[in-house]
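Trainee: only the shape, not the letters, is given here:
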């Protein structure tokens, strides 16, 4: 005999022992029917934004966290109503009791179909309009344990019509005692700012009070005294509304920015950095780049100075493997990598990330070009996977795209070296005993002095510069 039961989905570890993630947006709402592996949410780890697939097929029974909430790994984030036999239903309550037990269908694990068909939907606590796409990240019927739902009134004959026929209402049209219509995130914002929702007129569909309604209410000079001097939870949200003339804006440190800051501090104060500079006449490399772009063999490939420099770095590492290593403090060992996972620093809307190309040393120039294009496009779209952000062995940062000539790049934690590419500039340069206008680039190499001696770093940089000054030198190095 078939029966319904509730299954909790706990936030999984999305990459290399991360302890928390932020709910960016929900792709489903309470009452929605979902299929196995359907994307239900976007979550941001300390490294990337990841799409979270559903481990069950069924109906969304509850969303336990709001967008913008940072959730610890192992905490329930969504509950599903699924079909099962009577025996399974009897044990449903104990299904998520063990917080440390890993669900069999988490991200990265083989999905197992838990249920099929479509069970009956749970009754909603109050009528709610379908959320428009623009606010899909704020489910209307989201369930919050700290915010009890309004009592359900017994439906009379006149109350059996569909929600779509309900006439538009505003805060002033509601019956006495009826809670103003709004979403959980909007109610939380109003609570943090000390705003009484009964005093706010909703401009959304059927009188729904939106986030803008609350902010406009505050901005219109109607800010209650409780919100004028925010304290505690109120202070946490006060930065959202800037009064005229306010001189500071405070932004919470979280997600990629928080991870990057911790990594840079750990690297800067753990690895003794040394940075060397070399200015090179790269005119021959730029001429080679132009020929490759015009070649039919490279039609459809995106070739840039970064492409050729990356290839040159991979070749130079064959003669200077100490720059492709890691200092293992715990075991007091130097780990020499016999492969190269080439990291490329990428500026994204959420901050700096350094995804890497696995086994880049085995790639042809065409393969490397395709991998670089895919890496940068994915990073800018905020879709880089945690796997692509871990395991790097050496990195490159292209500061030349911002018109910068040189810098002192900080090592990516766990790596021995990082190379910064400066802008390619036309400059007067000594060429064949005469002064000529040449294309010049400055290379900035930072390395961990525990692993790399000054001579080793200098010879690597010298070989790299020689290849860029005369690409034919590659024949003498491979």
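Mentor: Received it, and whenever you're ready, just let me know what you need. All figures in this text were calculated on a predicted structure; none of them were measured in a lab. Residues are numbered from 1 along each chain as shown.
Trainee: what helix or strand is the residue nearest to residue 345 when sequence neighbours are not counted located in?
Mentor: Excluding its sequence neighbours, the residue lying closest to residue 345 (Cβ to Cβ, 6 or more residues apart in numbering) is residue 397, at 3.7 Å. (C-beta placed from N, C-alpha, C; glycine too.) Residue 397 is part of strand 394-398 when elements are defined by DSSP states H and E.
Trainee: what mean pLDDT does that strand get?
Mentor: The average pLDDT within strand 394-398 is 96.
Trainee: look up how far residue 456 lies from the residue nearest to residue 345.
Mentor: Residue 397 sits 21 Å away from residue 456, going by Cβ to Cβ, to the nearest Å.
Trainee: neighbour count winner among these two?
Mentor: Between residue 397 and residue 456, counted using other Cβ atoms under 10 Å, the more crowded position is residue 397 (24 against 17).
Trainee: tell me the contacts of the more buried one?
Mentor: Applying Cβ atoms under 8 Å, 6 or more residues apart in numbering, we find residue 397 in contact with 344, 345, 409, 418, 419, 420, 421.
Trainee: same deal with residue 316?
Mentor: Neighbour list for residue 316: 460, 463, 464, 467, 477 [criterion: Cβ under 8 Å, 6+ apart].
Trainee: these, buried ones only, as a ChimeraX selection?
Mentor: Buried members of those, defined by 16 or more other Cβ atoms under 10 Å, are picked up in ChimeraX with:
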select :460,463,464,467
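Trainee: okay, and which of the contacts of residue 316 map to helices?
Mentor: Counting by DSSP state H, the part of these found in helices is 460, 463, 464, 467.
Trainee: is it true that the second one touches residue 476?
Mentor: If I follow you right, that is residue 463. No: with contact defined as Cβ atoms under 8 Å, residue 463 does not reach residue 476; the gap is 9.8 Å.
Trainee: helices of the stretch 251-400 of the chain, start to end?
Mentor: Along the stretch 251-400 of the chain, counting by DSSP state H, counting those that start in this stretch, helices occupy 255-268, 283-294, 305-316, 365-380.
Trainee: what's the closest of those helices to residue 431?
Mentor: Distance to residue 431, taken as Cβ to Cβ, is lowest for helix 283-294 among the helices of the stretch 251-400 of the chain, at 8.1 Å.
Trainee: mind listing what's buried along that closest one?
Mentor: 283, 284, 285, 286, 288, 289, 292.
Trainee: likewise stretch 342-357?
Mentor: 342-346, 348, 350, 352-357.
Trainee: again, but for stretch 402-421
Mentor: So stretch 402-421, judged by 16+ other Cβ under 10 Å, has buried residues 405-407, 409-421.
Trainee: how long is stretch 322-338 from one end to the other?
Mentor: The first residue of stretch 322-338 is 11 Å away from its last residue (Cα to Cα, to the nearest Å).
Trainee: distance from the chain centre to that stretch, please.
Mentor: Between the centre of stretch 322-338 and the centre of its chain there are 29 Å (Cα atoms, centre = their mean, to the nearest Å).
Trainee: just want the angle from the top strand by length along the chain to helix 283-294.
Mentor: Longest strand in the chain, counting residues (DSSP state E): strand 434-448. Between strand 434-448 and helix 283-294, the angle comes out at 90 degrees (axes from the mean of the first three to the mean of the last three Cα atoms, to 10 degrees).
Trainee: and strand 434-448, which strands flank it?
Mentor: Paired strands of strand 434-448, with direction, are strand 273-281 (antiparallel), strand 417-421 (antiparallel), strand 425-431 (antiparallel) (DSSP bridges).
Trainee: out of those strands, flag the one nearest residue 329.
Mentor: Nearest to residue 329, of those and by Cβ to Cβ, is strand 273-281 at 16.3 Å.
Trainee: low-confidence stretches in the stretch 51-200 of the chain?
Mentor: The stretch 51-200 of the chain contains residues with pLDDT under 70 at 84-180, 184-185.
Trainee: hang on, the earlier thing: farthest pair in the buried residues of stretch 342-357?
Mentor: In the buried residues of stretch 342-357, the most distant members under the criterion Cβ to Cβ are 342 and 350, with 22.0 Å between them.
Trainee: burial measure for the closest residue to residue 453 other than its chain neighbours, as a count.
Mentor: For residue 453, ignoring the flanking residues on the chain, the nearest one in space by Cβ to Cβ, 6+ apart is residue 322 at 7.8 Å. When neighbours are counted by other Cβ under 10 Å, residue 322 registers 18.
Trainee: contact partners for residue 322?
Mentor: 336, 416, 451, 452, 453, 456.
Trainee: so how far is residue 417 from the fourth one?
Mentor: When you say that, I think you mean residue 452. Residue 452 is 7 Å from residue 417, where distance means Cβ to Cβ.
Trainee: give me the common contacts of the two.
Mentor: Common contacts of residue 452 and residue 417 (Cβ under 8 Å, 6+ apart): residue 323.
Trainee: buried stuff in the strand or helix carrying residue 81?
Mentor: Residue 81 is part of strand 76-85, with elements assigned from DSSP H and E. Using 16+ other Cβ under 10 Å as the test for burial, strand 76-85 gives 77, 78, 79, 80, 81, 82, 83, 84.
Trainee: try stretch 444-452
Mentor: Of the residues in stretch 444-452, 444, 445, 446, 447, 448, 451, 452 count as buried by neighbour count, 16+ other Cβ under 10 Å.
Trainee: one more: stretch 380-391?
Mentor: 382, 384, 385, 386, 387, 388, 389.
Trainee: verify the stated contact: the third one with residue 45.
Mentor: No: the pair residue 385 and residue 45 fails to qualify as a contact (Cβ under 8 Å) at a distance of 10.0 Å.
Trainee: just to revisit the earlier point, between the contacts of residue 322, which sits nearest residue 33?
Mentor: Nearest to residue 33 out of the contacts of residue 322 is residue 416 (Cβ to Cβ; 51.7 Å).
Trainee: if I look at that closest one, how far off is residue 397?
Mentor: For residue 416, the distance to residue 397 - Cβ to Cβ - is 15 Å.
Trainee: residue 294 too?
Mentor: 29 Å.
Trainee: now do residue 32
Mentor: 43 Å.
Trainee: spit out the contact partners of residue 372.
Mentor: Listed by Cβ under 8 Å, 6+ apart, the contact set of residue 372 reads 302, 304, 306, 307, 310, 344, 357.
Trainee: need those residues in JSON lines with pLDDT, can you?
Mentor: Shown next, in JSON lines, are the contacts of residue 372 (pLDDT from 0 to 100):
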{"residue": "302", "pLDDT": "94"}
{"residue": "304", "pLDDT": "96"}
{"residue": "306", "pLDDT": "96"}
{"residue": "307", "pLDDT": "96"}
{"residue": "310", "pLDDT": "97"}
{"residue": "344", "pLDDT": "96"}
{"residue": "357", "pLDDT": "96"}
